[in-house]
Each structure stands twice: as structure tokens, then as C-alpha cells.
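J.: Sequence first, then the predicted structure:
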Amino acid sequence: MTKRLSSARYWLGLASLLGGLLLWWVVARIANLPAFILPSPTDVWSRFLSAALDGSLLFNTGVTLVEILLGLFSGAGLATLLGYLIAKSRMLERVLSPYLVASQAVPLVAIAPLLVIWFGPGMFSKVLICALIVFFPVLVNTVVGVRAVPPALHDLMQSLHATRGQIIAKLEVPAALPVFLGGLRIGATLSVIGAVVGELVGSDQGLGFLINVGRGQYDTALVFVAMFTLIVLALCLYGAVAWAERKLLAWQEIVQQ
């Protein structure tokens, strides 16, 4: 039954994708718009092949992917550490909360130009922007996950004379992991946005740079190629976190059975 349901979902998703492509092709043909306004799927495919063959797509995708991964890991790592400390200290939460909330009140698009000016148009500013956009959702989910551990379980571990390291490894990490991974899913997709925003503000490489080039040259097909590549990257990152979640939380299914 489960296999049938999974297969049905797969074919439904594939049919939806093909239907969307068909609708796009029909609209482009009926409207008869210039290619620089709305290229057809065949135009985008041809542009994808040319960009792939000349190496520009692979190179710029690699640059963006490195920025995303560095920003994701650094932002998530710092957010996890700080989130754990905040979850354990109400005083620290009172001190840092105004700054954390204020950092989310300012749009990233407004901060990105300042970061590029301060740190230059190189990779570091893009990684920093990625880390900033990943930081808050992972931080919040870490705090919520750690604080959701029942106090009775802490009392039980202490009655068994467990060390601080054992409490963290055997109780707090497994208990907080489902909520933390939920925040990491959000952060993984947002990290793609952070990298592209930084590249759009100022960069001479990356998928955001390709979008700027396509926009400046009225090469709309190249813009579509870059956007679809970004979507694929976001889906792959989301899928990687979902796969890790299934592996790390396999024990939940055993407990439920």
C-alpha cells in the first residue's frame, strides 16, 4: 500500500511538471511574445545546453554552491551553539533577544549592499549573507527543541548520576533533533536566497552574476536557466536534510512500533 501511494505521488508530480511545461509552451506560442520577454521551454533548453557546453553554467553553479554550503554550515553551527546557550540561560535570552529580533526586522536586501561595501564583492560577503539568513530559523528551533525536553527526564538522568556530556548526548540531542532538523530544512532553502542576493548586489561570478548578465543583455533564456538551476540546488539541499532526518530519526519509528 505504501509503495503504491509513493508511486502515485511520483507520477502525479511528474504529470504536474509536464503539464506546467506544456502550459508554458502554449502560452509562449499563442501570445507570440519576443524571446527576451517570454522565451519558450525549447529556447531555455537550447540556452541551457550552450551554457553547459561552454562551461559557464558549471563554473558559476560551483561558485554559488560553495557559498551556500559554507554559509549554511557556519550559520547553522553558530546558531546551534548560541541557541543551546540561550535555551539554558534566561538571562542570556533577555540580553540577546532585542538584537536578534532587530536583526530580523531589517530586510536582507537592505543589509546585503552594506556587507558587500564593508567586506568587498568576494566570496566572504556572500557566505556571510547566507549565514545570516540561515542563523535565525536554526537558532529558534534549537531553543524550542532543547526547552521541549521534559524536566522529569533531566531528573531521571541526574538520579542515575549521568555526566553533563551524557545528558547532552543521550537526552537533549535526541530530543531536540526533530525540531532542529525542521529549522535546518528552512535554513537550507533560505541559504540559496542569501547567496543569490549577495551575488545580485555585487559579484563577477555565480548564478546571481549570470542573472545580472542575462538581464543586461536581454538574454531572458539565460535568466531562466540560472533560476531553474537555483531551484534544483534548493531541492537537493532540502532533500539532503530530509534524507538525514530519516536516517537520524529512524529510532522514532522503532519506538512507535
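T.: Thanks, I have the structure now.
J.: count of neighbours near Gly120?
T.: 11 (other Cβ atoms under 10 Å). Backbone N, C-alpha and C define where each C-beta goes, glycine included.
J.: Can you check which helix is longest in the chain?
T.: In the chain, assigned by DSSP state H, the helix with the most residues is helix 56-88.
J.: just how off-centre is that helix within its chain?
T.: Relative to the chain's own centre, helix 56-88 is displaced by 9 Å; criterion: Cα atoms, centre = their mean, to the nearest Å.
J.: helices or strands next to the strand or helix carrying Thr229 in the packing?
T.: Taking DSSP states H and E as the definition, Thr229 sits inside helix 220-248. Judged by 3 or more Cβ pairs under 8 Å, 6 or more residues apart in numbering; DSSP states H and E, helix 220-248 is in contact with helix 41-53, helix 56-88, helix 173-201, helix 207-216.
J.: So what angle separates the directions of that helix and helix 41-53?
T.: 80 degrees (axes from the mean of the first three to the mean of the last three Cα atoms, to 10 degrees).
J.: Make sure Glu93 is actually in contact with Ile86.
T.: Yes - counting by Cβ atoms under 8 Å, Glu93 does reach Ile86; the two are 4.8 Å apart.
J.: more neighbours, the two?
T.: Using other Cβ under 10 Å, the more surrounded residue of Glu93 and Ile86 is Ile86, with 23 against 14.
J.: contacting residues for that one?
T.: Leu92, Glu93, Leu96, Leu139, Val143 (Cβ atoms under 8 Å, 6 or more residues apart in numbering).
J.: What's the first helix or strand after the longest helix of the chain?
T.: Later in the chain than helix 56-88, the nearest helix or strand by DSSP H and E is helix 90-105.
J.: Just the residues contacting that following helix, thanks.
T.: With contacts defined as Cβ under 8 Å, 6+ apart, helix 90-105 is touched by Leu82, Leu85, Ile86, Leu132, Phe136, Leu139, Val143.
J.: and if we set it to 7 Å?
T.: Outside of helix 90-105, the residues within contact range by Cβ atoms under 7 Å, 6 or more residues apart in numbering are Leu85, Ile86, Phe136.
J.: element containing the last one, please.
T.: Element membership for Phe136, per DSSP H and E: helix 123-147.
J.: C-alpha coordinates for the following helix or strand past that helix, CSV please?
T.: Downstream of helix 123-147, the first helix or strand assigned by DSSP H and E is helix 151-159. In CSV, the C-alpha atoms belonging to helix 151-159 read as follows (Å, rounded to 0.1, in the frame of the first residue of the first chain):
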residue,chain,number,x,y,z
PRO,A,151,12.2,18.1,33.2
ALA,A,152,11.3,14.7,34.5
LEU,A,153,13.8,13.2,32.1
HIS,A,154,16.5,15.5,33.3
ASP,A,155,15.7,14.5,36.9
LEU,A,156,16.0,10.8,35.8
MET,A,157,19.4,11.3,34.2
GLN,A,158,20.7,13.1,37.3
SER,A,159,19.4,10.4,39.6
